[in-house]
Every structure is written in C-alpha cells, then in structure tokens.
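Colleague: All I have is the shape, not the residue letters:
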C-alpha cells in the first residue's frame, strides 16, 4: 500500500497491527513510537519493526500512512501535537473505541493536505500490552470506519482497503452513530460483566471455587484494564447511559415475570436471547 507506515502506541493493538502489516507485506517499512521508554526498548530489534523513534514527531516524518493506537483520551491532544509534522498527503487513522470526539478534534487541528479518517477495529482483548500482540488478532473481525464530509472518496477507499487487507470485515457509519453502536455491543457488555463480578466479590469468598465455565465466559471481559475502561466510559457517557437505561427496562420486565411466576414470559425472553446470540457472526 506504500513505502512507510507509522504506528503510534505499540500495545496490544498497535504491535499486532505492525505484525500483521509485516506478515502481509502491506508496507515496505514500519516505524513506531511509544511514550514509555521501556516499550520503545522492547520494540528495538523486533522483526515487525524497522525503526523505533524517540519522539512522535520523528516517527510520523516521511510516513504516508499513520495509525494512532494510544488510549482514546490521548488521541485528540496527540493530533494537535503532530498536526504540523505529518507529511503533506499523509493519511491518518486510529483504533480508538470512541469516535465523535476524536473526529471532531482532527477536523479542528489538521492542516490542508493531511486527511484523518476514524477507524475502530473490534479486535481487542481483556489482555493488554506488547507481549500479547499477535499477527492474526484482526482476522475475520469487524472494523467500523467513520468517514465525514471532509473525507475524499480516495482516502476512504484507501483506509478501507488497508483494514480489509489486514483481514477484517469493514462497515461505515457516522462518528456519532458509531458511538451508539459500540455503547450497545461493546461498552454495555463490559459494564455488565464488571458489575456482575463486583457483585460476586461481596459473596462468600469460597463460592468462586464452584464457578463453572459459564461464569468465566460471561465475565471474561471484566479482566480488562480498569484505567483504560474508565477513559472509554468517560468519553462515551451519553450513549452508554442510553443503552444502560434500555437494559434496565429489559431487566425490569424479567424481574416482573419472576414476580408473577410468568414462566412463559421468562421462556420467551430466554428464547429471544438465544436467537440473537445464535445470529452473531
């Protein structure tokens, strides 16, 4: 797809992306930068990384394609910091879990000739960090693109081709609709898994010794980084509150069915839940 790609933030997603790019030969050269010195040192000599830079400004210099992979609340400030250092003609995207605030920031700070198009590869894990990176993390997973009126058809196609070449299924929507979608299919499930685990923490400690695979499956994502998820929730409060209110209404219906011993209603809710679960890609 070009000569040089820069990946800012080689954590789980960033390093996995670099590995996939190298494995598939999408760019001739992969450059990276991390704010943490120890992470930069770990990247040196890796077969998926051609150059590790000491500053983000050095990292984006000369790159035709830049992917921003730090936490969502860092990206707007990073865009402003790097605005005058991107190459003219560079395409910039990201992997942030929210989009409205990031896309708005990009439109405000980026100069003419540098185009940002938001991306959200739905390929995370409860595990974090460089050591868990793997080249196949994105295979067959969904990636949501959020083009705006300022994006050209050429750049939109290039970003979509990039994620498809990585092995992902792509779709497009507005930044605002994206944030409602992920509030429903990603952020709400994480909140529910975490609250369930927190609730069980107050039960007798030995109960967990009798937990089966069902509890582990249901609460797996609760093992995610609380600091990272605090940032995601803070940046997507409105949509998350909307989806949480809808869930509370559904839970109330189930509670009322229990109260009334309406097992037909209970079975219908369970059946509807199975229908949706079985329909997931």
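Modeller: Nice, thanks for sending it over. All figures in this text were calculated on a predicted structure; none of them were measured in a lab. Numbering: from 1, shown residues only.

Colleague: Spell out the residue ranges of the helices in the stretch 51-200 of the chain.
Modeller: 56-60, 75-82, 100-109, 153-166, 175-182, 188-201 (DSSP state H, counting those that start in this stretch).

Colleague: Can you lay out the ones you listed as JSON lines showing mean neighbour count and distance to residue 279?
Modeller: In short, each C-beta sits where N, CA and C put it, glycine included. Shown next, in JSON lines, are the helices of the stretch 51-200 of the chain (neighbours: other Cβ atoms under 10 Å; distance: least, Cβ to Cβ, whole Å):
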{"stretch": "helix 56-60", "mean neighbour count": "19", "distance to residue 279": "41"}
{"stretch": "helix 75-82", "mean neighbour count": "19", "distance to residue 279": "33"}
{"stretch": "helix 100-109", "mean neighbour count": "18", "distance to residue 279": "28"}
{"stretch": "helix 153-166", "mean neighbour count": "17", "distance to residue 279": "23"}
{"stretch": "helix 175-182", "mean neighbour count": "20", "distance to residue 279": "16"}
{"stretch": "helix 188-201", "mean neighbour count": "15", "distance to residue 279": "16"}
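
Colleague: Make CSV out of those helices and add mean pLDDT.
Modeller: Formatted as CSV, those follow (pLDDT from 0 to 100):
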stretch, mean pLDDT
helix 56-60, 97
helix 75-82, 97
helix 100-109, 96
helix 153-166, 97
helix 175-182, 97
helix 188-201, 96
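
Colleague: separation between residue 162 and residue 16?
Modeller: Distance of residue 162 to residue 16, given as Cβ to Cβ, to the nearest Å: 14 Å.

Colleague: With residue 7 instead?
Modeller: To residue 16, residue 7 is 10 Å away according to Cβ to Cβ.

Colleague: Equivalent analysis for residue 85, please.
Modeller: Counting by Cβ to Cβ, the gap from residue 85 to residue 16 is 25 Å.

Colleague: sorry, back to before: let's have the helices of the stretch 51-200 of the chain in TSV, adding distance to residue 34.
Modeller: Formatted as TSV, those follow (distance: least, Cβ to Cβ, whole Å):
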stretch	distance to residue 34
helix 56-60	9
helix 75-82	12
helix 100-109	19
helix 153-166	21
helix 175-182	25
helix 188-201	25
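
Colleague: Show me the one of these that comes nearest residue 45.
Modeller: Among the helices of the stretch 51-200 of the chain, the nearest to residue 45 by Cβ to Cβ is helix 56-60 (17.0 Å).

Colleague: how distant is that closest one from the center of its chain?
Modeller: In terms of Cα atoms, centre = their mean, to the nearest Å, the centre of helix 56-60 is found 22 Å from the chain centre.

Colleague: That helix - contacts with which helices or strands?
Modeller: Where contact means 3 or more Cβ pairs under 8 Å, 6 or more residues apart in numbering; DSSP states H and E, helix 56-60 is packed against strand 2-8, strand 27-33, helix 75-82.

Colleague: Need the residues that contact the longest one.
Modeller: Judged by Cβ atoms under 8 Å, 6 or more residues apart in numbering, the contacts made with helix 75-82 from elsewhere in the structure are 8, 56-57, 60, 68, 70, 92, 94, 96, 101-102, 105-106, 109-110, 116.
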